[in-house]
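Student: Following is a predicted model, sequence given first.
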Amino acid sequence: MSPDRIVISSNEMEFLTLRMLFLLVELLNTYERTCIEKWFAAGHLTCPKTKQKLSSAALTPNFVLSNLIDRWCEANGKEPRARIDILVNKLNFGNHEDVQSAAGVLRLIAKHNTENCVRIAEAGGIPYLASSLYNSNLLTQKDAVAALLSLSISEDSRGSIVTSMVDSIVHVLGQGSMEAREDAAAILFRLSDENDENKVTIGKTGAIEELVTLLSEGSQRGKKEGAIALLNLFKLQENQAWAVLAGVVPTLKRLLTELERGIVDFALCIVVTLASHSEWKEAIEAADALPVMVEVIERGQIVVKMVKRQKDIITIG
């Protein structure tokens with residue numbers, strides 16, 4: 001049966017997706033798992049519907065009906081609130097397998113549309129996703145940070161990622177898989193773009209040091225995400241200080257000389273931003289990075305408007 005031919009109201013579908021549907025093997029009648037198990041626990045070895053006596057209380061998941069319901073939801077762009085509530089509860093109370101499964105599904109749900117992001121936030125899912133970032137299972141960690149990335153992109157749910165959760169994001173930025181670290185850097189950019197208070201909070205968590213490390217040793221996407229986050233955080237000068245102390249200048253010089261595709265322009269923007277302040281300009285000159293920067297510009301590798309605006313600030317002795 002095609003899911004678009006199922007005639008059923010949205011309320012009825014939300015009720016169905018709340019249930020874990022199981023077949024009574026002997027008679028092939030479908031019941032919600034908790035209810036049928038309570039029926040048997042009460043001493044009834046009969047079918048609740050037909051009252052027929054059973055020789056076995058064996059149950060099996062009704063994957064056919066469950067798949068039809070899932071296909072209906074997909075075809076109609078629906079993600080019932082009840083299902084999201086169940087997934088959030090699994091994150092909080094489930095075993096390792098439940099948590100891993102719930103994080104994976106929430107990742108897909110959050111990516112689908114902003115309405116789902118809002119529902120996840122309203123269901124209280126963000127704190128539990130943040131807690132999952134400390135999970136030793138790298139797949140769970142990766143799915144949880146990807147879900148939070150989708151939530152941070154949505155303006156309607158971004159505000160729910162409160163600053164108290166930044167520590168868990170920084171944890172992934174430092175110890176997660178490369179894909180998870182990339183997503184963590186992207187989240188920090190979006191949170192830092194929200195307000196200056198977030199920039200201060202992020203700077204105090206050790207995030208700057210981890211972003212510098214990602215800029216130095218990350219994948220191409222990792223370096224880009226790290227650079228973009230740093231540029232935004234550098235709107236506060238104290239965050240620039242953390243980066244200089246973390247060794248960002250030698251890293252930038254190396255990136256400028258390596259001319260890695262798509263990274264040089266970001267590296268140059270960061271150098272120019274730092275060079276606009278006299279104290280960091282000295283660090284750049286000490287690392288002999290300014291001549292490298294000028295050489296890159298003169299070769300016509302890139303054109304950066306920021307350089308043109310600040311060329312009067314930067315002088316080479």
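Tutor: Here it is on my side, so go on. Numbers count the residues shown, from 1 in each chain.

Student: Could you pull up phi and psi at residue 29?
Tutor: Here is the backbone geometry of residue 29 (degrees, to the nearest 10): phi -90, psi 150.

Student: Excluding chain neighbours, give the residue nearest to it in space.
Tutor: residue 49 (5.5 Å; Cβ to Cβ, 6 or more residues apart in numbering). All C-beta spots, glycine's among them, are computed from the backbone N, C-alpha and C.

Student: and that neighbour, helix, strand or coil?
Tutor: Put simply, residue 49 is coil when judged by DSSP: H, G, I helix; E, B strand; the rest coil.

Student: Count residues in the vicinity of it, would you?
Tutor: 11 (other Cβ atoms under 10 Å).

Student: likewise residue 97?
Tutor: Using other Cβ under 10 Å: residue 97 sits among 11 other residues.

Student: quick one: pLDDT of it?
Tutor: For residue 97, the pLDDT comes out at 87.

Student: thinking again about what came up before, distance of the residue nearest to residue 29 from residue 36?
Tutor: 10 Å (Cβ to Cβ, to the nearest Å).

Student: Show the contacting residues for residue 236.
Tutor: Shown in contact with residue 236 (Cβ atoms under 8 Å, 6 or more residues apart in numbering): 196, 199-200, 203.

Student: so where's the stretch 101-250 of the chain uncertain?
Tutor: The stretch 101-250 of the chain contains residues with pLDDT under 70 at 163-164.

Student: Which secondary structure state does residue 60 sit in?
Tutor: From three-state DSSP, the assignment for residue 60 is strand.

Student: Any idea how many residues pack against it?
Tutor: The burial count for residue 60: 10, using other Cβ under 10 Å.

Student: do you know how far it is from residue 266?
Tutor: In terms of Cβ to Cβ, residue 60 sits 54 Å off from residue 266.

Student: ranges for the strands of the stretch 1-150 of the chain?
Tutor: Using DSSP state E, counting those that start in this stretch, the strands of the stretch 1-150 of the chain run over 21-24, 29-32, 59-61.

Student: average pLDDT for the shortest one?
Tutor: If I follow you right, that is strand 59-61. Rounded mean pLDDT across strand 59-61 is 72.

Student: May I ask you to confirm that residue 218 is in contact with residue 181?
Tutor: Yes. Contact criterion Cβ atoms under 8 Å: residue 218 and residue 181 qualify, at 6.7 Å.

Student: between these two, who's got more neighbours?
Tutor: residue 181 (27 against 20).

Student: Now that one, what are its backbone angles?
Tutor: phi -70, psi -40.

Student: cool, and residue 248?
Tutor: phi -70, psi -30.

Student: so which helix or strand takes in the closest residue in space to it that isn't next to it in sequence?
Tutor: Using Cβ to Cβ, 6+ apart and skipping the chain neighbours, the partner closest in space to residue 248 is residue 212 (4.8 Å). For residue 212, the host element (DSSP states H and E) is helix 207-217.

Student: Can you list the neighbours in contact with the next helix or strand after that helix?
Tutor: Sequence order places helix 220-233 as the next helix or strand after helix 207-217, per DSSP H and E. With contact meaning Cβ under 8 Å, 6+ apart, helix 220-233 is reached by 178, 181-182, 185-186, 188-189, 192-193, 199, 202-203, 207-208, 211-212, 214-215, 218, 239, 243, 248, 255, 260-263, 266-267, 269-270, 273.

Student: Among those residues, name the buried ones.
Tutor: Buried residues within the contacts of helix 220-233, counting neighbours by 16 or more other Cβ atoms under 10 Å: 181-182, 185-186, 188-189, 192-193, 199, 202-203, 207-208, 211-212, 214-215, 218, 239, 243, 248, 255, 263, 266-267, 269-270, 273.

Student: quick one: the helices in the stretch 201-317 of the chain?
Tutor: For the stretch 201-317 of the chain, helices defined by DSSP state H, counting those that start in this stretch occupy the ranges 207-217, 220-233, 237-245, 248-258, 264-275, 278-286, 290-298, 305-310.

Student: and what of the stretch 51-200 of the chain?
Tutor: Using DSSP H, counting those that start in this stretch, helices in the stretch 51-200 of the chain cover 63-75, 81-93, 96-112, 114-122, 125-132, 138-153, 155-158, 166-175, 178-192, 196-203.
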